[in-house]
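>>> structure, please.
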Amino acid sequence: MSSTVFFAAVGAVVLVLGIARLLQARDWIVRLLALNVSSAGALVILVCLAWDGERTDPVPHALALTGIVIMVAVTGVGLALARLVESEAEDGA
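Purely as a prediction, here's the structure:
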């Protein structure tokens, strides 16, 4: 088994575990962390697909970097919204 196939398989396992936890979780923070884990798995798969045997394609790497930036922004907004929902729930109860 080549290292590309190994890392693609690891990325697929991480992606599936993140999605499974995302579907099972009830807490907003756990859902956000599961979304981050599944995003990391998808990015690992994307980077592994960039390798064609003798050289790498720069476009999937650029997409992976863009995905990292977007996931950081989504995490920040998600944490702010989760904090807002929790504070509203405490004030309303």
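
>>> tell me which residues in the host helix or strand of Val30 are buried?
Assigned by DSSP states H and E, Val30 falls within helix 28-49. Across helix 28-49, burial judged by 16 or more other C-beta atoms under 10 Å covers 31-48. Placement of C-beta: from N, CA and C, glycine included.

>>> skipping adjacent residues, who's closest to the residue positioned nearest the centre of the chain in space?
Using C-alpha atoms, centre = their mean, the residue of the chain that lies closest to the mean C-alpha position is Ser39, 1.5 Å off. Residue nearest to Ser39 in three dimensions, not counting chain neighbours: Met71, with 4.7 Å by C-beta to C-beta, 6 or more residues apart in numbering.

>>> what angle do the helix or strand harbouring the one you found and helix 28-49 make?
Per DSSP H and E: Met71 is located in helix 58-92. Angle of helix 58-92 versus helix 28-49, following axes from the mean of the first three to the mean of the last three C-alpha atoms, to 10 degrees, is 180 degrees.

>>> any weak-confidence spans in the chain?
Of all residues in the chain, those with pLDDT under 70 make up the ranges 93.

>>> phi first, then psi, for Trp51.
phi -90, psi 120 (degrees, to the nearest 10).
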